[in-house]
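J.: need a structure here:
(chains A and B)
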Amino acid sequence: MRRAAALLLALALSPVPAIAADDAPEPPRATFALSLDEVEINTGFHGAELLIFGAPAGGTPGDYDVVITVTGPPGRATLRQKEQVAGIWVFTGEAQFAWMPSFYTVASSGPLDEIVDPVENLRHGIAPSTYIPAPTGLGTEEETQLYIDAMHRITADSHRITLEEGIVELTEGVLFEARIPLPVSLVPGTYDVRVFLLKDGLVLSRSDVDLPVRKSSVQRLIYRAAQDYGLLYGIAASLIALLAGWLAAVIFNRR
Amino acid sequence: MHIYLPVAEIPVNLFLIVGLGGVVGIMSGLFGVGGGFILTPLLFFIGIPPAVAVSTQAVQIVASSCSGALAHWRRKTLDIRMGTVLLLGGLAGSTLGVWLFAFLRSLGQIDLAVQLFYVVFLGFIGAMMFFESLNALRGTRKPRRRRHGWGQGWPLKMKFRTSGLYISAIPPLLVGVLCGVLAAIMGVGGGFIMLPAMIYLLKMPTKVVVGTSLFQITFVSVFTTVMHSATNHTVDIVLALLLLVGGVVGAQIGTRFGARLRGEQVRILLSILVLAVSAKVAVDLIRMPSEPFALFWEATR
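T.: Here you go, the predicted model:
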């Protein structure tokens, strides 16, 4: 938070540059800061909130719109469908989605289809739908559409891909601020935080910053032990369990 | 209060997990079952990934069964000899079960197979035990021919002094193998099937059955834990510790309660529980799921 305060102070104190209105002005870029340098998944972790705030460089008041996106590390998704066969529900079909981030969220200062031009949306890949690729492994077009719809539904329900319209707050047309919820299901990796400055539906500028998400040393140690030394880890777990059982038997029999 | 699990990679409520371990521990001490058949579905229900739930519950079962088995050993209601024979069969069966598990997984229908195993085996055993113990409680059952279980005229005869039996070692070995196979596939200790098998097939006295079953389950579960950890890397030690804190205490309480109940009463309670779990799994298979699609995501390296 100290960094945040320093930045706000710097923004407030910086002299408003005189804009030569006649020259073609440099498109304003957003200067912004995050409340977190990194997200640490420790023993008490159950989700986090990322505060992003900033202003167009120079602090020029204007009729801006702001869109902020956070993208998780890439991966491969498989969607499986259950159908009723002989009275019971079993998985009957599946489709692969070749490239899908673990997490994607869009925060905006207004309804996305009003503040972002459709072409700009496709060019910069902003709306959640641009992050759900066409599935492979299916026969008909209707089936493909069924899976795409299911993917939209499931990713939204599980907070994997979310759209938070209106959570970016603009103050006096200059300062913007957003509190973006990061769900507990975050996977470790490098997340990309992207800030778009828009006007009349067009993207004026785009700025990126990395947000590392990593496990705390204890969490990483246990995870790596389970992965790399499975046999020893299993023996240790069994010994702990036998010891605990023996201890309980001894303690309870003394009474 | 939440705690983040390092292998399952989700946070869980501390008190919920300890409480769950406690309840399952009480059942373990009371009925002489590991409690896996109820713990595993409960862990699925609270959102633990199935692979982690199946392998981690084995650790909890080691602790609660060990605690219960020691309590029975002190009370001299544990037939070590019979337990060892059952254990040898159990280890062989468990190995076979893990192989079968891998085969069913390669067919892509492991979830369905596990659920069907739950419905069929729990339903069958539960119904059988329920009616038998109901008859016993009413006192209307025909006099049972004691000392005439399996293996009277079979080779490899052994003396099981604590059980008061002189029978062939082959039937207990076969019972052990069957329990081992089921244990590996269903993510359970196998007690719920071993108990009736010991009572009805081997004709062991009810008092000795619980301790002996716990003894066998303890070591089969050690084997299962190590195998799952070495091959699937899905044992979550933090989840296991939380479960076993509740589990070992619960097992001691359960053993005390069990000593005050008659064998028929214990059996009828267990059979009702087994039937309830079987019915729950059956309903889940038949009822239309709220979301017919399921998403599986993995990171690209």
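J.: Just checking the distance from stretch A:123-131 to the centre of its chain.
T.: Remark: stretch A:123-131 is offset 14 Å from the chain centroid, using Cα atoms, centre = their mean, to the nearest Å.
J.: start to end distance for that stretch?
T.: The first and final residues of stretch A:123-131 sit 12 Å from each other (Cα to Cα, to the nearest Å).
J.: What of stretch B:155-162?
T.: So stretch B:155-162: terminal residues 21 Å apart, Cα to Cα.
J.: Residues touching it, excluding its own?
T.: Identification of contacts with stretch B:155-162 by Cβ atoms under 8 Å, 6 or more residues apart in numbering or on different chains yields B:76, B:78-82, B:85, B:151, B:165-170, B:204, B:208. (Glycine included, C-beta is placed from N, CA and C.)
J.: Phi, psi for B:F103 please.
T.: Here is the backbone geometry of B:F103 (degrees, to the nearest 10): phi -70, psi -50.
J.: sorry, back to before: buried ones only from the contacts of stretch B:155-162, please, as a ChimeraX command.
T.: Entered in ChimeraX, the line below selects the buried ones among these, by 16 or more other Cβ atoms under 10 Å in any protein chain shown:
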select /B:78,79,80,81,82,85,151,165,167,168,169,170,204,208
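J.: So which of the contacts of stretch B:155-162 is the closest to B:T40?
T.: Comparing the contacts of stretch B:155-162 against B:T40 with Cβ to Cβ picks out B:L78 as the nearest, at 25.5 Å.
J.: list the contacts for the nearest residue to that closest one once chain neighbours are set aside?
T.: Closest residue to B:L78 apart from its sequence neighbours, by Cβ to Cβ, 6 or more residues apart in numbering or on different chains: B:G211 at 3.6 Å. Residues in contact with B:G211 (Cβ under 8 Å, 6+ apart) are B:32, B:68-69, B:71-73, B:75, B:77-79.
J.: need those residues in a markdown table with secondary structure, can you?
T.: Listed next are the contacts of B:G211 as a markdown table, based on DSSP: H, G, I helix; E, B strand; the rest coil:
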| residue | secondary structure |
| --- | --- |
| B:G32 | coil |
| B:G68 | helix |
| B:A69 | helix |
| B:A71 | helix |
| B:H72 | helix |
| B:W73 | helix |
| B:R75 | coil |
| B:T77 | coil |
| B:L78 | coil |
| B:D79 | coil |
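J.: Tell me the one of those residues nearest B:F293?
T.: For those, the closest approach to B:F293 (Cβ to Cβ) belongs to B:G32, at 41.2 Å.
J.: Tell me where the model's unsure across the chain.
T.: Using chain A here. A:1-26, A:58-59, A:254-255 (pLDDT under 70).
J.: other chain: chain B
T.: In chain B, residues with pLDDT under 70: B:32, B:108, B:140-153, B:301.
J.: Can you get me a residue count around residue 36?
T.: This is for chain A. A:L36 has 16 neighbours, counted by other Cβ atoms under 10 Å in any protein chain shown.
J.: if you could check chain B rather than the one you did, that'd help
T.: Neighbours around B:G36, by other Cβ under 10 Å: 30.
J.: what's in contact with stretch A:200-215?
T.: A:27-30, A:32, A:34, A:36, A:38-42, A:50, A:64, A:70, A:72, A:115-117, A:120, A:123-124, A:186-198, A:220, A:223, B:6.
J.: So what's the residue count around the residue in the stretch 51-200 of chain B that chain A sits nearest to?
T.: The nearest approach of the stretch 51-200 of chain B to chain A comes at B:C66, 3.0 Å away (Cβ to the nearest Cβ). B:C66 sits with 30 neighbouring residues when counted by other Cβ under 10 Å.
J.: I'd like to know how far it sits from B:V220.
T.: 12 Å (Cβ to Cβ, to the nearest Å).
J.: list the residues that contact both of these two?
T.: Counting by Cβ under 8 Å, 6+ apart, nothing touches both B:C66 and B:V220.
J.: Domain-wise, how is chain A divided?
T.: A:2-215, A:216-255 (automatic domain parsing).
J.: and of those domains, who's closest to B:P289?
T.: Nearest of the domains of chain A (Cβ to Cβ): domain A:2-215, 5.7 Å.
J.: Please, where are all the helices along chain B?
T.: B:14-31, B:36-45, B:50-74, B:80-106, B:110-117, B:123-138, B:170-186, B:191-196, B:206-231, B:237-260, B:263-286 (DSSP state H).
J.: Show me what the last one is packed up against.
T.: For helix B:263-286, the contact count by 3 or more Cβ pairs under 8 Å, 6 or more residues apart in numbering or on different chains; DSSP states H and E identifies strand A:88-101, helix B:14-31, helix B:36-45, helix B:110-117, helix B:123-138, helix B:191-196, helix B:206-231 as packing neighbours.
J.: now it, how far from the centre of its chain.
T.: Relative to its parent chain, helix B:263-286 has a centroid offset of 13 Å by Cα atoms, centre = their mean.
J.: Just want the angle from it to helix B:36-45.
T.: Inter-element angle recorded for helix B:263-286 and helix B:36-45: 30 degrees (by axes from the mean of the first three to the mean of the last three Cα atoms, to 10 degrees).
J.: Please list all residues in contact with the nearest residue to B:F215 once chain neighbours are set aside.
T.: Nearest residue to B:F215 in three dimensions, chain neighbours excluded: B:G83, at 3.9 Å (Cβ to Cβ, 6+ apart). Taking Cβ under 8 Å, 6+ apart as the criterion, B:G83 is in contact with B:212, B:215-216.
J.: likewise B:A51?
T.: B:232, B:234.
J.: if you set the cut-off to 10 Å instead, what comes out?
T.: When contacts are counted by Cβ atoms under 10 Å, 6 or more residues apart in numbering or on different chains, B:A51 touches B:7-8, B:110, B:187, B:228, B:232-234.
J.: for B:V210, same thing?
T.: Contacts here follow Cβ under 10 Å, 6+ apart; on that basis B:V210 touches B:28-33, B:68-69, B:71-72, B:77-78, B:191, B:195, B:198, B:254-255, B:258-259, B:263, B:266.
J.: so how far is the strand or helix carrying A:V195 off the chain centroid?
T.: Assignment of secondary structure by DSSP states H and E places A:V195 within strand A:189-199. Put simply, strand A:189-199 sits 10 Å off its chain's centre (Cα atoms, centre = their mean).
J.: What of stretch A:176-193?
T.: Worked out by Cα atoms, centre = their mean, stretch A:176-193 lies 4 Å from the chain centre.
J.: Stretch B:45-58 too?
T.: Worked out by Cα atoms, centre = their mean, stretch B:45-58 lies 15 Å from the chain centre.
J.: For that stretch, buried residues please.
T.: B:48-49, B:51-58.
J.: The host helix or strand of A:E49 and chain B, are they touching?
T.: Per DSSP H and E: A:E49 is located in strand A:48-56. No: judged by Cβ under 10 Å from any Cβ of the partner chain, strand A:48-56 stays clear of chain B, getting no closer than 11.9 Å.
J.: Sticking with A:P212, tell me its helix or strand.
T.: When elements are assigned from DSSP H and E, A:P212 belongs to strand A:202-215.
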